[in-house]
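J.: Fold the following and give me the result.
(3 chains)
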Amino acid sequence: MKDKDAFVHPTALVETQDLGEGTSVWAYAHVMAGARVGRNCNIGDHCFVESGAVIGDNVTLKNGNMVWEGVTLEDEVFVGPHVFFTNDRYPRSRRGGSPDMPPIEKTCWLVPTRVKRGASLGAGVTAVAGVTVGEYALVAAGAVVTKDVAPHALVKGSPARWHRWVCRCGHPLDFTQSVATCSECGLRFEKKGQGITLL
Amino acid sequence: MKDKDAFVHPTALVETQDLGEGTSVWAYAHVMAGARVGRNCNIGDHCFVESGAVIGDNVTLKNGNMVWEGVTLEDEVFVGPHVFFTNDRYPRSRRGGSPDMPPIEKTCWLVPTRVKRGASLGAGVTAVAGVTVGEYALVAAGAVVTKDVAPHALVKGSPARWHRWVCRCGHPLDFTQSVATCSECGLRFEKKGQGITLL
Amino acid sequence: MKDKDAFVHPTALVETQDLGEGTSVWAYAHVMAGARVGRNCNIGDHCFVESGAVIGDNVTLKNGNMVWEGVTLEDEVFVGPHVFFTNDRYPRSRRGGSPDMPPIEKTCWLVPTRVKRGASLGAGVTAVAGVTVGEYALVAAGAVVTKDVAPHALVKGSPARWHRWVCRCGHPLDFTQSVATCSECGLRFEKKGQGITLL
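T.: Below is the predicted model of the structure:
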């Protein structure tokens, strides 16, 4: 079932009852029962949203993403194509049960991941279970995020490391002094402690 | 055709006759004719299993995996989402045939890959053609495996390098001496040569 | 609509009118209206080709690839499974519009990427927006391409760096002197400036 103003492609599967107004779900995508998807989102082709995943409003999920139980994407998050979330640090096949390999029944394996408001994850990023990506951070394509990312930080590489600061609009900021004005949108920031804040 | 006790999602394509009892194939997944899939496996959404691929019993294939001809996954293997297997070290489009580009007809390009019993590959791992991943090894999310992985080794990075030892259950082992007891499941191991063995 | 001699799998969606003769589009793949696909191509399962993408003749797209607007693949290109193209250096969700987050309306975000004739991209490669991959280059599995790749170069790693030279057929070349003969197909090359040329 879906909200009356959502769009679901004929080849998609939407089993949740929690799909917000104005949200589109494209070809071959699958949103499971129990997933929560906000308003005005775009869920691209071949995406998978698992029961228990939480997606805010105005989120863009490019194609081929898998959002698992334990993953929360806040409002205005951008997820590039084929981003890898994980929710288990030491995964094993739980389907064991052969004579010398008893089934593994771990109970506390679920490790949550959170991408905060307005942040962007580039194509093919891997986000290791347990990390938090800060507001308006930008993770470069192909990076492997193994620890928390500061708000407004652009990180890249494997493992992902701080590279520079970016604006809300995504544009890089040049801090010649302790203050920077975005050359794209005009917002102003100042350095504060280890991070930056909007003036 | 499929075993009477297998489950195939209505949107999935199963063309093989070799699908074991208790195995599930989920939405938009495609198992080709000539692929062999064992019992009690879980083949996630958007997976592709090629003719000639061999998958054992109790294997978990998370979503979006592609298992090619030449790839063997032994019993109890766990494959995280979007793991990349390859079967050709120097791939070229074989569809050539334009005047100055004759079709490339290589005959011996197929390089086998084997993931041994109980091993786990994390999300977005790349396994280069020709590698063997040892029993109960654990390859961290996003790693690129370019050479063989020892049994029980946890490897990570690009290229993947040894990081520590893990138990059958996946939990890290602390070798303060030459012997370690898993704090999660109680199994005991000892160091032996370059590797570790179960006591 | 499609060319009379193209093959489209019953589960695929082909909305373009520009699909060349002899091309095959496999299960759950989606080629949008306005995409251009040449002759004799192979578009694997779960691929997505966006409006505005341009694909030449004799191209092999392995499974799960996404080819965006702004990406051009020339004739005889090979794209391994799950390769990540991008077309925006500083992506943000464009679906904003909440009180304190006005919609981001960037106009000049599209950055083109070109893969030149006969080049190959291995499994899981990330190609950052704006790069050109030269003729018959070979990008190793899992590499992250952040700058242009020379013709016939084999690059690998993150970021991708030059490793050796390869022949048109993909085979590595051994330059003991300034000239090399391919041991696989017999083509001869010489070093010239920073690159190599066919004799």
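J.: Tell me the spacing between residue A:172 and residue C:120.
T.: Using Cβ to Cβ, to the nearest Å, one gets 32 Å for the distance from residue A:172 to residue C:120. (Glycine included, C-beta is placed from N, CA and C.)
J.: Between the two, which has more neighbouring residues?
T.: Taking neighbours as other Cβ atoms under 10 Å in any protein chain shown, residue A:172 and residue C:120 compare with residue C:120 leading, 26 against 17.
J.: Can you show me the helices along chain A?
T.: For chain A, helices defined by DSSP state H do not occur.
J.: pLDDT weak spots in it?
T.: Chain A contains residues with pLDDT under 70 at A:1-4, A:94-109.
J.: so who does residue A:110 touch?
T.: By Cβ atoms under 8 Å, 6 or more residues apart in numbering or on different chains, the contact list for residue A:110 reads A:69, A:70, A:87, A:88.
J.: same for chain B: which of these are within range?
T.: By Cβ under 8 Å from any Cβ of the partner chain, no member of these lies near chain B.
J.: In a markdown table, list those residues along with neighbour count.
T.: Listed next are the contacts of residue A:110 as a markdown table, based on neighbours: other Cβ atoms under 10 Å in any protein chain shown:
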| residue | neighbour count |
| --- | --- |
| A:69 | 16 |
| A:70 | 21 |
| A:87 | 21 |
| A:88 | 21 |
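J.: right, and the pair among those residues with maximum separation?
T.: Spatial extent of those (Cβ to Cβ) is set by the pair A:69 and A:88 at 10.2 Å.
J.: sorry, back to before: which ones among the contacts of residue A:110 map onto strands?
T.: In strands, defined here by DSSP state E, there are no members of the contacts of residue A:110.
J.: For beta bridges, what are the partners of residue A:14?
T.: Assessed by DSSP bridges, residue A:14 has beta-bridge partners residue A:31.
J.: isn't it right next to residue A:23, touching?
T.: No: in this structure, residue A:14 is not within contact of residue A:23 by Cβ atoms under 8 Å, at 9.5 Å.
J.: what is in contact with these two at once?
T.: In contact with both residue A:14 and residue A:23: residue A:6, using Cβ under 8 Å, 6+ apart.
J.: Could you check which of the two has the larger neighbour count?
T.: Taking neighbours as other Cβ under 10 Å, residue A:14 and residue A:23 compare with residue A:23 leading, 26 against 23.
J.: how about the nearest residue to that one, chain neighbours excluded?
T.: Once flanking residues are discounted, residue A:23 sits nearest to residue A:41: 4.3 Å by Cβ to Cβ, 6 or more residues apart in numbering or on different chains.
J.: contacting residues around that neighbour?
T.: Residue A:41 neighbours (Cβ under 8 Å, 6+ apart): A:20, A:22, A:23, A:24, A:55, A:57, A:58, A:59, A:60, A:61, C:95.
J.: Out of these, flag the one nearest to chain B.
T.: residue A:61 (13.8 Å; Cβ to the nearest Cβ).
J.: Pretty sure residue A:80 is one of the things the closest one touches, is it not?
T.: No: Residue A:61 lies out of contact with residue A:80 (Cβ under 8 Å); the separation is 9.2 Å.
J.: what's the overlap in contacts for these two?
T.: With Cβ under 8 Å, 6+ apart, residue A:61 and residue A:80 have no common neighbours.
J.: contacting residues for the residue nearest to residue A:129 when sequence neighbours are not counted?
T.: In this structure, residue A:129 finds its nearest non-sequential neighbour in residue A:111, 3.8 Å apart by Cβ to Cβ, 6+ apart. The contact partners of residue A:111, by Cβ under 8 Å, 6+ apart, come to A:70, A:86, A:87, A:88, A:89, A:129, A:130.
J.: if you set the cut-off to 10 Å instead, what comes out?
T.: A:70, A:86, A:87, A:88, A:89, A:90, A:128, A:129, A:130, A:131 (Cβ atoms under 10 Å, 6 or more residues apart in numbering or on different chains).
J.: likewise residue A:11?
T.: Applying Cβ under 10 Å, 6+ apart, the residues near residue A:11 are A:26, A:27, A:28, A:29, A:45, B:11, B:28, C:11, C:12, C:13, C:28, C:30.
J.: The fourth one and residue B:28 touch, don't they?
T.: Yes: under the contact definition of Cβ atoms under 10 Å, residue A:29 touches residue B:28, with a separation of 9.1 Å.
J.: Please enumerate the shared neighbours of the two.
T.: Common contact partners of residue A:29 and residue B:28 (Cβ under 10 Å, 6+ apart): A:11, A:12, A:13, A:46, A:48, B:45, B:46.
J.: On the strand side of things, show who the fifth one bridges to.
T.: Going by DSSP bridges, residue A:48 is paired in beta bridges with residue A:30, residue A:66.
J.: doesn't residue A:66 make contact with it?
T.: Yes: in this structure residue A:48 lies within contact range of residue A:66 using Cβ under 10 Å: 4.5 Å.
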